[in-house]
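Enquirer: Would you be able to build a 3D model of this:
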Amino acid sequence: MLWLADGGLAAAVSSAGGLGVISPLAGCRPHGDAVQNLSTQIDRAGAVTSRPLGVNLPLDLREIDLLLDLILARGIGIVVTSAGSPALYTDLLKSCGVRVLHVVSSVKQAVKAKSAGVDAVIAAGVESGARNGHDEIPLFSLIPQVADHVDIPVIAAGGIADARGMVAAMALGAHGVQLGTRFLASRECIAHENYKKAVIEAGDTDTVITLRSLIPSRSLKNTPFTRKLMALEASGSTPDEIRQVLGHAASRRAGLEGDLSTGEAYCGSSAGLIREILPAADIIRLLVEGWDRIVTDL
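Expert: You can find the predicted model right below:
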């Protein structure tokens, strides 16, 4: 959701009772000003909702220091960090009253994040769309092991698209869930219609992990670009050769431009559960109603 989680989607999610999270690059041009873009998206969301909002902050973004200054200046209360050491900025953020959630994909990473002082960890299983951990641990194995090793809240991410997944994740020790692909296929999401259509047409076997020699990433399998990546890997191409094909912002080309021939269409394995594009409020309503129904029937 790096290029897709804009202020409009975040506001819709928060207004409906979830926690909407804004990405600094959502809707941004390639090599655009992420700081100004984030400011614009915060303004857009704030004009719609007064409920809490978060910001997604990959720690490998080149504008990281300026983005931190903006987040603190704008009074954002929750930051989700990833793609770097949780020890880098957690103390600074928490000293300013910000709650920090860090994305992890193993027990070792979760323990490190807890030691760094984060308020919660997001345990992302191999079912997740986009970047994955190199160990490729399935979510339902990961949740209870992380929960057994840290005494802070655990948020489950990867392969969850409905109330059944939410109930199951919490039964295993999660305190909440994070949904990406399900909200990609929402009316408020700025993803291109080609991309959304490909997601809702996907079945259970239609995602695949590529780029294991770089950063493992889960994408839609049956797109020209993913098939090209798979062919490169099968032929033994080097990481540098694969990087040349990827170019810059490959996921933006798919996500915002709908170019599935030269763009990387990130997608979680939950795609097979998603059959229609819904308003964000309906997605959350179905989660809550489904939760109540399932728990009552247990």
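Enquirer: drop to CA atoms for contacts and neighbour counts, all remaining ones
Expert: Will do.
Enquirer: So which residues of the chain form strands?
Expert: 20-22, 53-58, 78-82, 99-104, 120-124, 130-131, 154-157, 176-178, 207-210, 217-220 (DSSP state E).
Enquirer: Comparing those strands by mean pLDDT, which bottoms out?
Expert: Lowest mean pLDDT of the strands of the chain: strand 130-131, a mean of 92.
Enquirer: Tell me which strands that strand pairs with, and in which orientation.
Expert: strand 217-220 (antiparallel) (DSSP bridges).
Enquirer: Can you give the distance of the strand it pairs with from its chain's centre?
Expert: Mean C-alpha position of strand 217-220 versus that of the full chain (C-alpha atoms, centre = their mean, to the nearest Å) differs by 12 Å.
Enquirer: Same question for stretch 167-182.
Expert: 13 Å.
Enquirer: Where do the domain boundaries of this structure fall?
Expert: Annotated domains of the chain cover 7-190+270-297, 193-269 [automatic domain parsing].
Enquirer: before we move on, back to that, is it possible to get a markdown table of the strands of the chain that adds distance to S39 and mean neighbour count?
Expert: Converted to a markdown table, the strands of the chain look like this (distance: least, C-alpha to C-alpha, whole Å; neighbours: other C-alpha atoms under 10 Å):
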| stretch | distance to S39 | mean neighbour count |
| --- | --- | --- |
| strand 20-22 | 10 | 26 |
| strand 53-58 | 11 | 22 |
| strand 78-82 | 15 | 22 |
| strand 99-104 | 19 | 25 |
| strand 120-124 | 25 | 27 |
| strand 130-131 | 25 | 21 |
| strand 154-157 | 27 | 28 |
| strand 176-178 | 24 | 18 |
| strand 207-210 | 33 | 23 |
| strand 217-220 | 29 | 26 |
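Enquirer: Now render those as a markdown table, adding distance to R187.
Expert: Shown next, in a markdown table, are the strands of the chain (distance: least, C-alpha to C-alpha, whole Å):
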| stretch | distance to R187 |
| --- | --- |
| strand 20-22 | 15 |
| strand 53-58 | 19 |
| strand 78-82 | 24 |
| strand 99-104 | 26 |
| strand 120-124 | 25 |
| strand 130-131 | 21 |
| strand 154-157 | 21 |
| strand 176-178 | 18 |
| strand 207-210 | 22 |
| strand 217-220 | 20 |
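Enquirer: hang on, the earlier thing: will you turn the domains of the chain into CSV that also has distance to M1?
Expert: Formatted as CSV, the domains of the chain follow (distance: least, C-alpha to C-alpha, whole Å):
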stretch, distance to M1
domain 7-190+270-297, 7
domain 193-269, 8
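Enquirer: quick one, helices of the stretch 1-150 of the chain?
Expert: Using DSSP state H, counting those that start in this stretch, the helices of the stretch 1-150 of the chain run over 7-15, 34-46, 64-73, 90-95, 107-115, 139-149.
Enquirer: Flag every buried residue along the longest one.
Expert: Judged by neighbour count (16 or more other C-alpha atoms under 10 Å), helix 34-46 contains these buried residues: 34-39, 41-42, 44-46.
Enquirer: Report the contact partners of the residue lying closest to V118 once chain neighbours are set aside.
Expert: Excluding its sequence neighbours, the residue lying closest to V118 (C-alpha to C-alpha, 6 or more residues apart in numbering) is V100, at 5.2 Å. Contacts for V100 (C-alpha atoms under 8 Å, 6 or more residues apart in numbering) come out as 78-81, 90, 93-94, 118-120.
Enquirer: right, and the pair among those residues with maximum separation?
Expert: Using C-alpha to C-alpha, the pair of those lying farthest apart is L93 and A120, separated by 13.7 Å.
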